[in-house]
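Peer 1: sharing a sequence plus its predicted fold:
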Amino acid sequence: MAKSINQVILMGRLTRDPEQRSTSSGKTIASFSIAVDRGGDSDAADFFEVTAWEKLGELVVQYLAKGRRVLVQGRLRQDSWDDKETGKKRSRVEVTATDVTFLDGPSDNAGSSAAPRPSAPSKKSEDVVIEDIDDKPIDLSEIPF
C-alpha cells in the first residue's frame, strides 16, 4: 500500500493579526488567516485559516501582523461538529503549520516588538584584473579529462 501524504505550501498575506491562546495543558496556539492570490488578471484570492503550535505560534504572534507576507508549510486538518444553535453538521479545513517563513523584513508599521536584523559586515571589494586572452586555438590533448 502506498504511503499517504498530507502536505501544503501556501504563500500569501495575513488578513488579520495573529491571536494567541493556550490549551488547558498550557500549550500555546496561534491562529491567523492568509489570503493567497489566485493569479492571472483577476483580484480573486483564496483564504486559509492557519494554526501554529507552541514556539512557532509564539514567534508568529511576536513578529507578524496583518498585511505581512508569509510562506506557510504544514498539513491540512478537517474538523467537523454539530452546530449547537441549528443542530446542523458543520465542518472546516484548516492548515496546521509546521513552518512559517517571514517574507517581509521588519518595518516601522509592523510594531515595536520586531527585533532589528543585525547588519552584515561589509566586505571591501577587491578589483579583479582580467588579462588579455589570446585567440590561439585550444589543444584538446592538454585537457586532462
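Peer 2: Ah, there it is. Not measured: the values here are computed from a predicted model.

Peer 1: how about the residue nearest the centre of the chain: what's its closest non-neighbour residue?
Peer 2: In the chain, the centroid-proximal residue (C-alpha atoms, centre = their mean) is Leu71; its distance is 1.8 Å. Spatial nearest neighbour of Leu71, excluding adjacent residues (C-beta to C-beta, 6 or more residues apart in numbering): Thr101 at 4.1 Å. (C-beta placed from N, C-alpha, C; glycine too.)

Peer 1: how would you label that neighbour: helix, strand or coil?
Peer 2: strand (DSSP: H, G, I helix; E, B strand; the rest coil).

Peer 1: how about it, what does it touch?
Peer 2: Val70, Leu71, Val72, Gln73 (C-beta atoms under 8 Å, 6 or more residues apart in numbering).

Peer 1: can you check Val100 too?
Peer 2: Applying C-beta under 8 Å, 6+ apart, we find Val100 in contact with Val50, Ala52, Leu56, Leu59, Val60, Leu64, Val70, Leu71, Val72, Gln73.

Peer 1: re the thing from before, make a ChimeraX selection of the buried ones in the contacts of Thr101.
Peer 2: Selecting the buried subset of the contacts of Thr101 in ChimeraX, with 16 or more other C-beta atoms under 10 Å as the burial test, is done by:
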select :70,72
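
Peer 1: could you dump the contacts of Thr101 into TSV and include secondary structure, pLDDT and distance to Glu85?
Peer 2: TSV is the format used below for the contacts of Thr101 (DSSP: H, G, I helix; E, B strand; the rest coil; pLDDT from 0 to 100; distance: C-beta to C-beta, whole Å):
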residue	secondary structure	pLDDT	distance to Glu85
Val70	strand	95	34
Leu71	strand	95	37
Val72	strand	95	31
Gln73	strand	96	35
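
Peer 1: distance to Ser42 added to the contacts of Thr101, as a markdown table?
Peer 2: Shown next, in a markdown table, are the contacts of Thr101 (distance: C-beta to C-beta, whole Å):
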| residue | distance to Ser42 |
| --- | --- |
| Val70 | 22 |
| Leu71 | 22 |
| Val72 | 22 |
| Gln73 | 26 |
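
Peer 1: closest one of the contacts of Thr101 to Ser80?
Peer 2: In terms of C-beta to C-beta, no member of the contacts of Thr101 lies closer to Ser80 than Val72, at 22.7 Å.

Peer 1: thanks again, I'm all set now.
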